[in-house]
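# need coordinates for the below:
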Amino acid sequence: AHGTIASTTSDTALHYQPTPRQLGGTTVQPHALQPQRTQHTTTTATTHFAFSRTRAHQEVCKHYNAKIKVAHWTEALRLLEKMRQKGFSPNVFNYNCAINRCARDGKWQCALDLLNEMRRCGLVPNEITYSSVINACAKGGECQRALNLLVEMRSHGLVPNVITYNSVINACAKGDECQR
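Below is the predicted model of the structure:
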């Protein structure tokens, strides 16, 4: 987590103050995440519970990331579903790991489906997400899809890196229909 935890007097709740983060080139102020100072022990307990729940969610996501990173792509998808069944929403890192597993086996359609699922869940794809999906398209010979994803990535203010461009070049080398 990015931020600081402060506890002052006994009548003040434990509160979390996240630091601003870069998201798509824009600094985001996470005001909605900051519990306010309270005078009631009930609210203090609720705030502490919410913070503990968030911490538990982060730990679960880390645990599943470790499993997804080494899993076969079908097992990676099963692990994402298992997270949901246990009441934990996968985060961007969980999706990135699963997309990467799909890319390794050239399952470009599955990688695209995961990208779309992320968006439906309200998660914002990052450079790693796009690079992994582009890589999956490259392995599947889907040149035009890889190029479209590159354009989309840049339109969201994300900067492609060497890996991204290499994947696009590989896609173009494999795809016969690509004219750019």
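# going forward, measure contacts and count neighbours with C-alpha atoms only.
Will do.
# what is the neighbour count of residue 126?
Using other Cα atoms under 10 Å, residue 126 is surrounded by 18 other residues.
# surely it and residue 159 touch.
No. Residue 126 is beyond contact range of residue 159, at 9.4 Å (criterion: Cα atoms under 8 Å).
# what's the neighbour count on the residue lying closest to residue 172 once chain neighbours are set aside?
Leaving aside its sequence neighbours, residue 172 sits nearest to residue 143 (Cα to Cα, 6 or more residues apart in numbering; 4.9 Å). As a burial measure, residue 143 scores 27 neighbours (other Cα under 10 Å).
# isn't residue 143 right up against residue 150?
No. Between residue 143 and residue 150 there is no contact under Cα under 8 Å: 10.6 Å.
# show me what counts as buried in stretch 79-92.
79-80, 83, 88-92 (16 or more other Cα atoms under 10 Å).
# where does pLDDT dip in this protein?
The chain contains residues with pLDDT under 70 at 1-53, 175-180.
# can you pull out the helices in it?
Taking DSSP state H as the test, the helices found in the chain are 41-70, 73-85, 92-104, 108-120, 127-139, 143-155, 162-174.
# name the stretch among these that sits most buried.
Burial of the helices of the chain is given as mean neighbour count (mean count of other Cα atoms under 10 Å); helix 127-139 ranks first at a mean of 26.
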